Structure formats: C-alpha cells, structure tokens
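Asks: model the following, please.
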Amino acid sequence: MAPIPAKRALPSKESSLFRELLNLYETRQLKKGQKTADQILKKFPEHGETLCMKGLILTHMGKREEGLELVKKGVRLDLTSHIVWHVFGLIQKGEKNYEEALKSYTQALRFDKENMNILRDAAHLQTQLRLYDGLVDTRFLLLRLRPNLRQNWIALAVAYHLNDNLPEAKNVLEHYERSLKNVPDYDPEQSDLLLYHVRVLEDMGEHAEALTLLDTNAKARAIVDRVAVMETRARILSKQGPSAEAEQAWRALIEQNPDNIAYYYGLFNSKGIDLGAVTDANRPEVLQLLRDLSAQTPRSITPKRFELMVAPPEDFKPLVNTYLLRGLDKGIPSLFVDLKPLYQDIQKRDIVEELVEGYRKVLESGRAIDEPPETPSEQPDGDVPTTYLWTLYFLAQHFSHIGRHAHALSLLSAALAHTPTLPELHALRGRILKRLGDPYGASAAVNDARLLDGQDRFLNTKSAKYKLRAGLVEEAGEIFGLFTKKDAISPGADLEEMQSLLYLTEEGDAHRRKGKLHYALKKYHAVRKVFEEFEDDQFDFHGYSLRKFTINIYLNLLSWEDRVWSHPSYISSAVSAAQIYVRITDDPSLVKNVLSTGMTAEEEKKAKKKAKKAQQRQEELKKAAAASTNEDKGLDITPAKDEDPDGVKLLSSPEPLERAWKLLAPLLATSTRNIDLWITAYDVAVRRGKYLQAVRALNNAKALDPEHPELHVRYLHFRKSYTSVPPPTSATVGAAISSALEALIPGEISLEAYNAEYLQRHSTDAKALLGAAKGLHALGSPRDEVEGVVIGSLNPGVDMPFQTALEVWSFLKDIDSPRAEEFRAACDRQFALSTVFKTPEELAVIQSQGTPIEVQQEIDN
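Replies: So this is what the prediction gives:
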C-alpha cells in the first residue's frame, strides 16, 4: 500500500473524527456530520477529503452552491485521493452530468482500483452512456472481487449481452448455474434468470439447446411463468422451421387466449405461411384452418376477422354479412374501425357499402333485417331501432372515410334525430367537420358529446384537443382544469408536470398557428424536457433490475430507451420548433413583430392573475420545504424558478440555429423515417454552413420520397446557395459535396429547366404546383410567373385538399401577392363546407349563429 501523503495524513484524534464523519454521512446524520467536519477543519483547514465531505453534506442539506465550491476546493488540494474524486462524481451525477461524473469515477479508480462502491457506480454510468466495452471490464472486476455475490455474475452476463458477446454471456450464466445450491422452489428470481438464459441461447441461434433448457426447467417447476414458457417454446420451435410440434405449441396458446393476434401469425408461420401475405396457392388452406379455429373458439371473433382479411371478394360477402350483423346488433361502436383496414381492397369496400345500405333500407321500413338466402348463419335477435341507429353510425363513418362527407353528415343528422343523446354521434360529427376544414364547428360538436357525459375523461380530453385546434386555448384550459389539481398554478402547469404529451404538442401547435411563436417554443421545449426525464429515469433501474433479477424486462427497457427520441410527439415538436428558429433566422424582424403584439386587457388581466398565483405557489413550496423535518434534500438538482415563463428568451435567443440543431440532434442519430425531419435538418444545417450535414439530410429525404415538393425546393436552394459560396478548405470535403450535388441535380441542367421538368411531371398535384412555385420564387422569377403557377392549383382536374389550399394561401401572403385575396375567395367557394377561408367578419357571424352546416340545415327545415 502506498504511503499516505503528508497533506492528507491526520493525527489519531482527527483521523477518528474523519471515520466518524464518513459514518455519519452514510447514516444521513447531516448536521452532526457538518459539526464533525468543522472540528477537523478548525485544525486542518486545507484537508481536501474533509472539505469534500463537508461540501457533500451541505449539498444534501440544500446548500448546493456552497457545497460545490468546497468540493472543488477539496479536489484541488488533494488530486490523488479517491474520496475527493468519488465525492465530485456524486455531485456531478446528481446534476445529470453523466459524462463528467464518469471521468471523476475513473480518476477515483486510479487511486483505489478495487473500491466496490466506486466500481458499481461507474458501471451504472457506463450503462447509462452505452459504453459497453468499459462496462464489461468493470463488471468483470466486480465479479473477481466479490464472486460470492449473485448479482455480480448476472451483471457480467448482461454486460457481455449488451456488448454483443453472447457466447461469453452464455458461459458466465452456465458457470453461475453450476455453482447454485439449495435453490428454493418457485423462486421468481431464479425463474426470470432461466428465461434470460433461454433468451441468450435463442439469440445465438442455438435453438435445440434453448428448448432443452426451457423444457427441463419448466418440468422441474423452476420456471414459474407458464405463459412465458409456452410463448418461448412456440417461438423457438417456429425458428427451427415448420413442424407439427411448433403448430401444436401455437394451437395450445390460441386455446388459452384466442384473442391474441400474435398467436395466429405464429401458428401460420409454423406452417410456412405468412398471414400478412397470403397467396392464391395457399389461400384455401389458410381459410380452412381459420374456419377450424373459429369452430374451436366460437366466442372469439379473431379468427373470423382473419377470414375477412384473407377471403377473396367472391367469398367475402357471406362472411362479412355475418360479421356486420353481429356487430350492428350488439351495437359495437368500434365496428367500422375494425373493418377499415379491409378498405384497401376496393371490391371489399363496395361489398360492405352495399350490405350496410341494404340493412338501412330494410330497417327504415321498420322490419328486422332479413337473412340473405345464401347465408346459412342464424339471424341475430336484435332490437330494430337500436340496430338502425348503429347502422347509420357505421354508414356515416364509411362515407366520411371515402370522402363523401356531405352524405355522411346527412346520415348523422338522421341518427341524431333518432337518438340525440348518444355521445358517439356528436364526436363523429366533430371528426367529419374537422376533415371538411371547419375547426370551430368540429369543436362545438365534440363539446356537445362531452356535455352528454361530463365524467368521461376521454370525451373531455377530445373536446379540449379540438378546442386547441380551433385556437380556443383558454377554453381548452378550462376543460383540462376539470381533471387537474385544484391547487396547481394552472391546469397547463399541472399537465406539464404530469408529462402530458398530447397537451404540450397540441397547445404548442395552437400557439404557432396563431403566430404566438414564443409560447409555441415554450411548449415544444417542455416536450424535450419530458423526453430528457424519460432518458434520466432509466438510471435507477441499472442497479435495481440486477438486484431484483428482472433481467428480461430490463433489457426491453434499454432497447426502448435507445429509440425513445423517435416518439412521434418529440419528432413533431422538434421539427416545429426548428422551423420557427429557421424563420426567425431568415427574418429577425419577426421576433420584434411577435413580441410587440400586445395583449388585450382581458389577456393581460389573466396573465397577471396567473403570475400572482404562481408566485403564491412558489412561496408555499418554500415554506413547506423550510418546515420539512427531513434535512436531507438529496443530490439531485431541485427545479429552478422558471425565469422565462412565456418563452420570450427562447424566441430572442442569439443563436437560434444552435438551439434548433440541439433539438434535432437526437433524431438524426437514428434512422428516423420522417421526411419533414430531414428537410428541416437540411434547412438548419445549410444555414449553419454545415454542407456535409445538409447533403446527408437531402440524401435521407430523397431515399424516402425523391419527388416530394419541399425536397424539390431544397434541391434548387442547395445548388444555388452552394455555388455562390467559397469552396471548402478541404479538397476531400469539397469533392464529396460536389459529387452529391451532381447526383441530386446534374450540372448540365439549368435550375430553371429542372424546375420546369418537375412542374410538367406533376401538373395535376396542387402540392407539387406549390413546390414549383416556391422554386420559381427562390430562383428570382417575376412574381406574376410565380402566381400563375400556384393559382393553377384551382384549375379543374388538379387534386387540392383544403390543407394544401391553406399552404398556397399562406405562400401568396408571404410573397405579398395581390392575388392572395382572389385565391382565398375562390377557395371559400370551392370548399363551401369549410370555415378556414372565411374573413374575420364572416367567422364572427358563424360563431354567433352556428356553423355553415347548421345554418343550412335550419334553412332546409
């Protein structure tokens, strides 16, 4: 052992006090620990280890800044002590600064290579940071130091597994299992460990050995999860190839749970058939097997539903007739959603329409539905009025889905006249109005559904979401407030604390549409904070799951965490926020314009009330913390007071592009198949002057949709912008960019000709016309020419949904086109059932009198 440095050595009395200090910290007697540290420092004020321990105690007591200064001072005074580096690492880990914490632990291990606590904490950090090579070394050392500790064996096997070294993981597990003695019966920890061993063998492709291990331990009752045994056995048998044994295993699972669709796919895979891609050759066999399964499980609709998917059109009608009659007679609201995937086959869609229209006509005469003579099934005994109601509901969903919204609304009107108190009818009406471009009418309809069942959280949430989409943010907040804490600062603050992604994304989008970009950015950054917390939350499981031997679910957790940033809510929020940052980079005056838009007197009053309530809440929290008897505040950073509650600092950031790139970076590290993401990544990269990143973004977008209109605009923008800047200093980089640019747009083609060719290829697509117009604008073409192209989206034969028309209108306003009003008026006539093209005056009248459809119905009546 190396001698203790003179500056670290303490006399006998102070040395005993230091050991007592360590013990007091471990038992969290913080005030006594602080006094003990002061006793030592009174005589030895530059003792680094004591300074660090005092700093650690102060941090636990909530005095973070003072404690951190003492810790840093202690590290400077004794750079060769493992204690000071360990303490520094603990502080950094509490700040979620995992990279720096691991560096501190590494330094500590230089001076105490076999410290179990430091090694264990370092292993957790290496797992968090996905440094699996180092994790294997750390876990191996821990096992060598404490081979009698069970979790060290399992932790090393998991480390090898994570590092893709399955043979070594298998070897460790076998050594461990051979050393076991007197394992209690029905031990859930041992059961999960054995299932993990089977999983390793399965991943290695050693299926025979995996089956032997599984069957042996299942018979011995060492594996207590019987369903997991059956599922694992069936899955492994299928991987060995089609066999009667595999088929029997899947049949046993179906018999136990006939509504699990994964079991049906497994059964057919065991027979060498892909249930998702049935061919004409194997279709009769598949249908016969499904009929047999249906007969074996008569109460399950799953095999019957698969029959509908597999049956050819000529056999489809009698099958779907029985299925429809059962669903309509029972009044199953989700019947249409269940059958909607079948609509990919137009013939099947037409058959469904023909049958249900026939039911409607029969029911309108007051008679029960007569059973078609070709169908031998028993006619369900149902109540005619109720069946008629659900038939109208089904048909309304059907016609809305195929684009016949006006007819769907007329059917809904009949259904509402029949039973005006069914919430599903009002909710569907709201969905149809939304598709028609009437967010105000949609919001009112869904609110009607909500009022019919005020305790239904789904309906309340749906109503609040529709109000946000209509721009009614305050009204939406009132509805959300029905189910949030009454003592919360605001419903929004409580929902943010509860990590409600629906609320954060929808309200952010609502503010963006209204031009309140600072509020939008605030919500989008709140979404990022939620996902950062998701990522941090896994840290505690690195130790817990190994202690409790929940290995399989722990590995699933790590896999989920690796792709957590690819969640649709984060993609949407990150892309929207980055687009805002790009806009304010291109037009810095936008920031001033947004912030100079003053609040109304009512809005200002509400803001002051909210701020006052927030201040009162902060004071209450401070008083509660002061009155708390628990002096240990922990090492984690307490949430600081929000100095930017309205997002003004976010909008006024001096480096908006860096903020945008930080939001997009987690997504770009994954193979995210979202073209809007890659187009936005290009917009940010090219403005940052990172042309290689811009090329990568364009290539990824091109792989998804090479003819996408917005991507076409970026091709033109990149060619024009890159050729106008000095070449890169690196010849290799310049050659790579030039080669990529040549692949995107050949050099011999002019940009004008390239844009004209694109326009010619997509002359009947409104989005493509908009893309070509944007291209002309980017190339500096006269405004008349740009307007001529984009106004052409109104021509007969051009496919233009109202969402695209809104984009065209917005583009015309952005280029200060005098024809913007002409286009708006034309769209208002073309989309007669929409309200998004109304003038503010017309909207005010509509909101006071009802939606255009309601007004028209009153006129008709």
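Asks: can you give me the buried ones in stretch 552-570?
Replies: By neighbour count on 16 or more other Cβ atoms under 10 Å, the buried set for stretch 552-570 is 552, 554-555, 557-558, 561, 565-567, 570. C-beta coordinates here come from the backbone N, C-alpha and C atoms, glycine included.
Asks: oops, could you answer that again for stretch 153-165 instead?
Replies: Within stretch 153-165, the residues scored as buried using 16+ other Cβ under 10 Å are 153-163, 165.
Asks: from these, which is closest to residue 838?
Replies: residue 162 (57.8 Å; Cβ to Cβ).
Asks: and that closest one, what pLDDT?
Replies: Per-residue pLDDT puts residue 162 at 96.
Asks: remind me which residues of the chain are low pLDDT?
Replies: 1-3, 370-383, 597-631, 729, 849-861 (pLDDT under 70).
Asks: middle-most residue in it, spatially?
Replies: Taking Cα atoms, centre = their mean, the centroid of the chain lies closest to residue 567, which sits 2.3 Å from it.
Asks: if we can go back for a sec, quick one: which two of the buried residues of stretch 552-570 are the most distant?
Replies: 552 and 570 (26.5 Å).
Asks: any idea how far residue 682 lies from residue 415?
Replies: 48 Å (Cβ to Cβ, to the nearest Å).
Asks: quick one: which of the buried residues of stretch 153-165 sit in helices?
Replies: Assigned to helices by DSSP state H, the following of the buried residues of stretch 153-165 qualify: 153-162.
Asks: in a markdown table, list those along with distance to residue 725.
Replies: Output for these, formatted as a markdown table (distance: Cβ to Cβ, whole Å):
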| residue | distance to residue 725 |
| --- | --- |
| 153 | 59 |
| 154 | 56 |
| 155 | 53 |
| 156 | 53 |
| 157 | 54 |
| 158 | 50 |
| 159 | 48 |
| 160 | 49 |
| 161 | 48 |
| 162 | 44 |
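Asks: closest one to residue 235 out of the residues you listed, please.
Replies: Nearest member of those to residue 235, counting by Cβ to Cβ, is residue 161, at 18.2 Å.
Asks: so what's the residue nearest to the centre of the chain closest to, chain neighbours aside?
Replies: Among residues not flanking residue 567 along the chain, residue 531 sits closest, at 7.1 Å (Cβ to Cβ, 6 or more residues apart in numbering).
Asks: cool, and residue 85?
Replies: The shortest distance from residue 85 to any non-neighbouring residue, by Cβ to Cβ, 6+ apart, is to residue 108 (3.7 Å).
Asks: tell me which residues in the helix or strand hosting the one you found are buried?
Replies: Element membership of residue 108 [criterion: DSSP states H and E] is helix 98-111. The neighbour-count check on helix 98-111 (16+ other Cβ under 10 Å) flags 98, 101-109, 111 as buried.
Asks: using CSV, write out every CA atom in it.
Replies: Output of helix 98-111 as CSV, limited to C-alpha atoms (Å, rounded to 0.1, in the frame of the first residue of the first chain):
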residue,chain,number,x,y,z
TYR,A,98,-23.0,11.7,-16.5
GLU,A,99,-20.0,12.1,-18.8
GLU,A,100,-18.1,14.3,-16.3
ALA,A,101,-19.2,12.1,-13.4
LEU,A,102,-17.7,9.0,-15.1
LYS,A,103,-14.5,10.9,-15.6
SER,A,104,-14.4,11.6,-11.9
TYR,A,105,-15.1,8.0,-11.1
THR,A,106,-12.3,6.9,-13.4
GLN,A,107,-9.9,9.3,-11.6
ALA,A,108,-11.0,7.8,-8.3
LEU,A,109,-10.3,4.3,-9.5
ARG,A,110,-6.8,5.3,-10.4
PHE,A,111,-6.1,5.7,-6.7
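Asks: next SSE downstream of it?
Replies: Downstream of helix 98-111 (by DSSP H and E), the next one is helix 116-128.
Asks: and that next one, how far out from the chain middle?
Replies: In terms of Cα atoms, centre = their mean, to the nearest Å, the centre of helix 116-128 is set 29 Å apart from its chain centre.
Asks: now the next helix or strand after it: buried residues?
Replies: With elements assigned by DSSP H and E, the helix or strand that comes after helix 116-128 is helix 132-145. Residues of helix 132-145 classed as buried by neighbour count (16+ other Cβ under 10 Å): 132, 134-136, 138-143.
Asks: with stretch 812-832 instead?
Replies: Residues 812, 817, 820, 823-824, 826-828, 831 are the ones in stretch 812-832 that count as buried (16+ other Cβ under 10 Å).
Asks: before we move on, what about stretch 192-211?
Replies: Buried residues in stretch 192-211 (16+ other Cβ under 10 Å): 192-202, 206-207, 210-211.
Asks: can I get it in CSV, CA atoms only?
Replies: Output in CSV follows, covering the C-alpha atoms of stretch 192-211 (Å, rounded to 0.1, in the frame of the first residue of the first chain):
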residue,chain,number,x,y,z
ASP,A,192,-36.5,-15.0,-14.7
LEU,A,193,-32.8,-15.8,-14.8
LEU,A,194,-33.5,-19.1,-16.5
LEU,A,195,-35.8,-17.4,-19.0
TYR,A,196,-32.9,-15.0,-19.7
HIS,A,197,-30.5,-17.9,-20.2
VAL,A,198,-33.0,-19.3,-22.8
ARG,A,199,-33.2,-15.9,-24.4
VAL,A,200,-29.4,-15.7,-24.8
LEU,A,201,-29.4,-19.2,-26.4
GLU,A,202,-32.3,-18.2,-28.7
ASP,A,203,-30.4,-15.0,-29.8
MET,A,204,-27.3,-17.1,-30.5
GLY,A,205,-29.4,-19.4,-32.8
GLU,A,206,-28.8,-22.5,-30.5
HIS,A,207,-32.5,-23.4,-30.6
ALA,A,208,-32.1,-27.1,-29.7
GLU,A,209,-30.1,-26.3,-26.5
ALA,A,210,-32.6,-23.5,-25.7
LEU,A,211,-35.5,-25.8,-25.9
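Asks: for it, which outside residues touch it?
Replies: With Cβ atoms under 8 Å, 6 or more residues apart in numbering as the test, stretch 192-211 has contacts from 154, 157, 161, 166-167, 169-170, 173, 177, 213-214, 217, 222-223, 225, 228, 232-233, 235-237, 239-240, 549-552, 555.
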